[in-house]
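Engineer: With the input below, show me the fold.
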Amino acid sequence: MSKELVEAISEIREDDALRLVEETVAKGGDLEGILTDCQAAMNIVGSRYEKGDYFLPELIMSGEVLKKISDIVKPKLGAGAGTKGAAKKGIVVLGTVKGDIHDIGKDIVGFMLDVNGFDVRDLGVDVPEEKFVEAVKNAKPQVVALSGFLTLAYDSMKSTVAALDKAGLRKNVKIMIGGGQITEMVKDYVKADAFGMDAVAAVRLAKQWTGVK
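Structural biologist: Reported below is the predicted structural model:
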């Protein structure tokens, strides 16, 4: 583990973090180790966020640093790379629901799940319910994560959950929702299992539902 990289990411020193990653890549260093360091750093960020030392802007900025690191490292590792050669902990189908094209929050959640060892099937944005149904049939995930920033996304989330239920798939998955002004009331309206306020919560829920410590 690179203590220097973990500190740079967790302290949101983007230039230092990217320089360290680029140096590691240039000298043929441990690329999977970079993702392990990302996970360690985000554990620190998550802890600081939950203690009130960091706030949403810091969480977003650290997520942006992760995205830039991902852009550098993932192409070198190849498709499906995750943490340190370990077996995937579970499958998560992820997407921004129909009518909403916001992707920053979704992308941060997807990357955080990936560096925590989950096999993430990202369907993109403006995803109709039938595409979620097809993905759940094919991938057989344990978790479905629905993202939506706009209030109009609530009805799309509700119809997506209903479509999974109609297809006989709802009982096989846990569904989390997130983004924008998501609340417990919205979760109940959508008939999801839980809502996550941020990427840290999403990872915690996924681990809880798949029995990962």
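Engineer: Which residue, other than its chain neighbours, is closest to Cys38?
Structural biologist: Val115 (4.9 Å; Cβ to Cβ, 6 or more residues apart in numbering). Quick note: C-beta positions are derived from backbone N, CA and C, even for glycine.
Engineer: Just give the number of residues close to that neighbour.
Structural biologist: By other Cβ atoms under 10 Å, 23 other residues sit near Val115.
Engineer: any idea how far Asp15 is from it?
Structural biologist: 21 Å (Cβ to Cβ, to the nearest Å).
Engineer: Tell me the helix or strand right after the helix or strand encompassing Arg48.
Structural biologist: For Arg48, the element it lies in under DSSP states H and E is helix 31-51. Next along the chain after helix 31-51, taking DSSP H and E as the criterion, comes helix 56-77.
Engineer: Tell me the helices and strands packed up against that following helix.
Structural biologist: Packing partners of helix 56-77 (3 or more Cβ pairs under 8 Å, 6 or more residues apart in numbering; DSSP states H and E): helix 3-10, helix 14-26, helix 31-51, helix 104-115, helix 199-210.
Engineer: Let me know which of these is tucked in deepest.
Structural biologist: Scoring the helices and strands packed on helix 56-77 by mean neighbour count under mean count of other Cβ atoms under 10 Å gives helix 104-115 as the most buried, with a mean of 23.
Engineer: Could I get the average pLDDT for it?
Structural biologist: Helix 104-115 shows a mean pLDDT of 84.
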